[in-house]
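**Q** Kindly generate the corresponding structure for this input.
(2 chains)
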Number of protein chains: 2
Amino acid sequence: MARRKSLTKPSFPTMQPICGVKLATVACGVAYKGRTDLMLVELQKGTQIAGVFTRSLTASAPVKWCRSILSGGKARAIVVNAGNANAFTGRAGDEIVRATASRAAEVIGCREKEVFVASTGVIGQTFSPKLIPGKIAGLHKRARADRWDEAARAIMTTDSVPKGVVRTAEIAGETVTINGIGKGTQMIHPDMATTLNFLFTDAEIPAHVLQKCLSYAADRSFNCITVEGDTSTSDSLFLCATGAAKHTRITDFRDPRLKDFRRALLEVCTGLSQAIVRDAEGGSRFVTLHVTGAASMQAARKIGRTIASATLFKVSMAETLPPWGRMIMAVGKSGERADRDRLAIDVGGLPVAREGAVIDGYDADGVAAHLKGAEIELSIDIGIGRGKATVWTCDRSKGYG
Amino acid sequence: MARRKSLTKPSFPTMQPICGVKLATVACGVAYKGRTDLMLVELQKGTQIAGVFTRSLTASAPVKWCRSILSGGKARAIVVNAGNANAFTGRAGDEIVRATASRAAEVIGCREKEVFVASTGVIGQTFSPKLIPGKIAGLHKRARADRWDEAARAIMTTDSVPKGVVRTAEIAGETVTINGIGKGTQMIHPDMATTLNFLFTDAEIPAHVLQKCLSYAADRSFNCITVEGDTSTSDSLFLCATGAAKHTRITDFRDPRLKDFRRALLEVCTGLSQAIVRDAEGGSRFVTLHVTGAASMQAARKIGRTIASATLFKVSMAETLPPWGRMIMAVGKSGERADRDRLAIDVGGLPVAREGAVIDGYDADGVAAHLKGAEIELSIDIGIGRGKATVWTCDRSKGYG
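**A** Residues are numbered from 1 along each chain as shown, chains lettered A, B, ... in the order given. Next up, the predicted model:
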């Protein structure tokens, strides 16, 4: 059985400063020793913020706080700690978040509701509410515009590499930059797979438009990846726009001048979300799955993610076994409409099944060769509509839970 | 890390004949060599049948056939083959089922619509439609009342043991028997985990009442187990009542004379479904999870199965890690209502969490000792209602996909 050692991981890019954004990190010691685990991002006055959070009904204390203040649309700071998710921590967890926001507001000179908080790590353990606030003043003093790599490292848990993606875009003839950093842990981490992602741009876009841009991109990137199908209590994605760029004012999501920015934003989100999949421990193959012919885009994504997170499917990818039986199983399990007798499947561009049955004499050698590669490409047509989506996942070898 | 080798598997019980039921098996060679893989059950005239099938929208050809004839409520034969699921086989698959039913009807002297068919094994491979029909006459000739163990063996795929459960019950002073045989494969089987279960009783119960009895029992047994969370295209559960017993006629599901029968039926279903979990390859711990305080019984079952099928939860069971962070994650992911600040968790009867947070100074040694055992007992209270359910699963050690 052909098995590869691990996936190629993208290297951290050179990130230029974003006007209006300063960063600092420190070893705070909530859970780790001898490494940075606390990051402060300071944002200039007037920075607009958009956010997308886990839909979990047992969300962490930081997510609960961020959800409650997001409608304000303004941010002056983001405080992030790694090693403890501050989830399933009851009222004590809420107090930690409040103390953090309160202290940051005091130090920076803003309102508590302009301080966003994110945490990632172990669930169900509290820690002293003085630990993080005690470090804020020092972080504020040292915050600089060129600490992107350092920031990406401070938010890592079991990540093996820091993750970052940069894109530029034109808005009305003016070039703006999007810097994104993120982290994502693996399924066999002692507690919980969490993904946190922070995007910053100097574009001048009001929060309500920014939110639509972010939700649109998240639906086509983060919401299209799966590692083991387990939803974190802490997943958070932020996009902050400092407004330092000089382009003309944008007030509408559908404004054609936003087209290039939306393209760049989707590329940043896709890059970060794929980096998470490529850093999944035990993953040795990167799988791209195209779903077409579903009842809607939502249905296509649901089908795609049901296939991609199915244990038996993931093991078939690791073992280079024909996956179609397990793909069909997952289509049925997804609950979305499908026509059993119209399903079609391609593997690596080679037709394998048509009209709900395996093709007699399909190119078995070609398919087997493709399944042994590092990058697998699968397509499934559901046969009933025009909904389509692409999802990304990795295999799950027997050696990893 | 304490890891056990495998679960204790129940032995096959002594099964007495059920008046009106005869069985035969043969090596048909659809997929296996050197073992029996085809079973015929013949049922006396007037036998009533109830059935529960996978809700998969990509169900196998046999499931499609059985769904279409179940409303007739009458059965004279069940034909079951192992090694090929006859799923994702398009029209060719439908033809195999039709040829089988047609030949059995001819040999036995009944209508096609009284012949039920079930298949388990590989998905996406067709086989000659003459293979199974060619064996029916021989099976008919050799069918006998005492071949239960042999029948249970003929329907095995990667099962390591044949699975059967017997119970007796009183209906209006008369003793009736329920014989149940079943099979369930493991998650790393080269194609698909499938469970097929066949129950037979001499009770005289009309099909519409039988169906309610079976659905009620299935909801509290088969619908409460999970191995890896992947839904088969072929899951089928049948209950046949020959009516040979001499008790007074039953016409209503709520008839108090049915109480003891329903108890016995639930015990047979629970026994068979737990036997499937205990035979899961790679499982080393049997986990019983009680969910209380949910919005409804359905909500409690959904939460329980979401926890029990979560990869990270199953790995924590294998690694004897504290599972509560992963239980909370799964509650949030289930989509059912929950009060984050009222959640309570017990492990092995020991209180671990109350009011949405881990208890300071909980009995960590006692909990750790319980988690190292072979039989794990977990309870979670959702804190909002009176819905409750119990689900069963096994751990998933790193050594198995």
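
**Q** Now do the contacts for the nearest residue to A:Lys22 once chain neighbours are set aside.
**A** The shortest distance from A:Lys22 to any non-neighbouring residue, by Cβ to Cβ, 6 or more residues apart in numbering or on different chains, is to A:Ala143 (3.9 Å). Glycine gets a C-beta too; all of them are placed from N, C-alpha and C. A:Ala143 makes contact with A:Lys22, A:Leu23, A:Ala24, A:Leu40, A:Glu42, according to Cβ atoms under 8 Å, 6 or more residues apart in numbering or on different chains.

**Q** Do I have it right that A:Thr390 meets A:His290?
**A** Yes: with contact defined as Cβ atoms under 8 Å, A:Thr390 reaches A:His290; the gap is 5.2 Å.

**Q** Work out for me the element the nearest residue to A:Met156 once chain neighbours are set aside sits within.
**A** With Cβ to Cβ, 6+ apart as the criterion, A:Met156 has its nearest non-adjacent residue at 5.3 Å, and that residue is A:Lys183. Per DSSP states H and E, A:Lys183 falls inside strand A:174-184.

**Q** next one: A:Arg103
**A** Here A:Arg103 is assigned to helix A:90-108, by DSSP H and E.

**Q** For the stretch 101-250 of chain A, give me the ranges with low pLDDT.
**A** Along the stretch 101-250 of chain A, segments meeting pLDDT under 70 span A:185-194, A:230-232.

**Q** Do a quick rundown of the strands in it.
**A** Ranges of strands in the stretch 101-250 of chain A, per DSSP state E, counting those that start in this stretch, are A:115-122, A:163-171, A:174-184, A:195-201, A:236-241.

**Q** can I get these in a markdown table with mean neighbour count?
**A** Listed next are those as a markdown table, based on neighbours: other Cβ atoms under 10 Å in any protein chain shown:
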| stretch | mean neighbour count |
| --- | --- |
| strand A:115-122 | 28 |
| strand A:163-171 | 21 |
| strand A:174-184 | 24 |
| strand A:195-201 | 27 |
| strand A:236-241 | 28 |
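
**Q** Nearest to A:Ala50, out of those?
**A** strand A:236-241 (4.6 Å; Cβ to Cβ).

**Q** Pull out the buried residues from the next helix or strand after the closest one.
**A** In the C-terminal direction, the helix or strand that comes right after strand A:236-241 (DSSP H and E) is helix A:259-278. Using 16 or more other Cβ atoms under 10 Å in any protein chain shown as the test for burial, helix A:259-278 gives A:260-262, A:264-278.

**Q** quick check, A:Val391 in a strand?
**A** Yes: under DSSP: H, G, I helix; E, B strand; the rest coil, A:Val391 falls within a strand.

**Q** who touches it in this structure?
**A** A:Cys224, A:Ile225, A:Thr226, A:Thr288, A:Leu289, A:Val291, A:Arg301, A:Gly304, A:Arg305, A:Ile307, A:Ala308.

**Q** show me what contacts A:Val26?
**A** By Cβ under 8 Å, 6+ apart, the neighbours of A:Val26 are A:Thr36, A:Leu38, A:Lys135, A:Gly138, A:Leu139, A:Ala154.

**Q** got a list of what the fourth one touches?
**A** Contacts for A:Gly138 were tallied using Cβ under 8 Å, 6+ apart; they are A:Val26.

**Q** before we move on, what about the third one?
**A** Contacts were defined as Cβ under 8 Å, 6+ apart; by that measure A:Lys135 touches A:Val26, A:Cys28, A:Leu38.

**Q** if we can go back for a sec, now the angle between strand A:163-171 and the strand holding A:Lys183, please.
**A** Angle, strand A:174-184 to strand A:163-171, by axes from the mean of the first three to the mean of the last three Cα atoms, to 10 degrees: 160 degrees.

**Q** strands paired with strand A:174-184, and their directions?
**A** Sheet pairing of strand A:174-184 (DSSP bridges) gives strand A:163-171 (antiparallel), strand A:195-201 (antiparallel).

**Q** Need those strands in TSV (columns: distance to B:Glu106).
**A** TSV is the format used below for the strands paired with strand A:174-184 (distance: least, Cβ to Cβ, whole Å):
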stretch	distance to B:Glu106
strand A:163-171	66
strand A:195-201	60
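
**Q** In which helix or strand does A:Ile376 reside?
**A** With DSSP H and E as criterion, A:Ile376 is part of strand A:375-381.

**Q** Can you list the neighbours in contact with that strand?
**A** A:285-293, A:303, A:307, A:317, A:323, A:327, A:331, A:342-349, A:370, A:395.

**Q** In strands only, show me these.
**A** A:Phe286, A:Val287, A:Thr288, A:Leu289, A:His290, A:Val291, A:Thr292, A:Gly293, A:Ala344, A:Ile345, A:Asp346, A:Val347 (DSSP state E).

**Q** what's the pLDDT at the closest residue to the second one other than its chain neighbours?
**A** In space, and not counting its chain neighbours, A:Val287 is closest to A:Ile376: 4.5 Å by Cβ to Cβ, 6+ apart. pLDDT for A:Ile376: 95.

**Q** Likewise for A:Ala357?
**A** At A:Ala357, pLDDT is 89.

**Q** Please give me every residue in contact with the closest residue to it other than its chain neighbours.
**A** Nearest in space to A:Ala357, with sequence neighbours left out and distances taken as Cβ to Cβ, 6+ apart, is B:Gly90 at 3.2 Å. Contacts for B:Gly90 (Cβ under 8 Å, 6+ apart) come out as A:Asp341, A:Glu355, A:Gly356, A:Ala357, B:Thr126.

**Q** Near chain B, which residues of the stretch 201-350 of chain A? Just list them.
**A** A:228-233, A:310-312, A:314-315, A:318-319, A:321-322, A:324-326, A:328-338, A:340-341, A:343 (Cβ under 8 Å from any Cβ of the partner chain).

**Q** Show the buried residues in those.
**A** Buried among these by 16+ other Cβ under 10 Å: A:228-233, A:310-312, A:314-315, A:318-319, A:321-322, A:324-326, A:328-334, A:336-338, A:340, A:343.

**Q** Restricted to helices, list those residues.
**A** A:311-312, A:314-315, A:318, A:324-326, A:328-334 (DSSP state H).

**Q** Which parts of chain A belong to which domain?
**A** A:21-278, A:286-394 (automatic domain parsing).

**Q** distance between the shortest one and the chain's centre?
**A** Chain-centre distance of domain A:286-394: 23 Å, with Cα atoms, centre = their mean, to the nearest Å.

**Q** cool, the first one as well?
**A** For domain A:21-278, the gap between its own C-alpha mean and the chain's C-alpha mean amounts to 10 Å (Cα atoms, centre = their mean).

**Q** Provide a list of residues in contact with A:Leu214.
**A** Counted by Cβ under 8 Å, 6+ apart, A:Leu214 has contacts A:Ala50, A:Gly51, A:Val52, A:Leu199, A:Leu237, A:Leu239, A:Leu265.

**Q** let's see 6 Å
**A** A:Ala50, A:Val52, A:Leu239 (Cβ atoms under 6 Å, 6 or more residues apart in numbering or on different chains).

**Q** Let's see stretch A:66-78 as PDB, backbone CA atoms only.
**A** Only the C-alpha atoms of stretch A:66-78 are listed here, as PDB (Å, rounded to 0.1, in the frame of the first residue of the first chain):
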ATOM      1  CA  CYS A  66     -17.100  38.600  20.300                       C
ATOM      2  CA  ARG A  67     -20.600  37.700  19.000                       C
ATOM      3  CA  SER A  68     -22.000  40.200  21.500                       C
ATOM      4  CA  ILE A  69     -19.800  43.200  20.400                       C
ATOM      5  CA  LEU A  70     -19.500  42.500  16.700                       C
ATOM      6  CA  SER A  71     -22.600  44.500  15.700                       C
ATOM      7  CA  GLY A  72     -20.600  47.700  16.800                       C
ATOM      8  CA  GLY A  73     -18.400  47.100  13.800                       C
ATOM      9  CA  LYS A  74     -15.400  48.800  15.300                       C
ATOM     10  CA  ALA A  75     -12.200  47.400  16.700                       C
ATOM     11  CA  ARG A  76      -9.100  48.800  18.400                       C
ATOM     12  CA  ALA A  77      -7.500  45.600  19.600                       C
ATOM     13  CA  ILE A  78      -7.500  41.800  19.400                       C
END
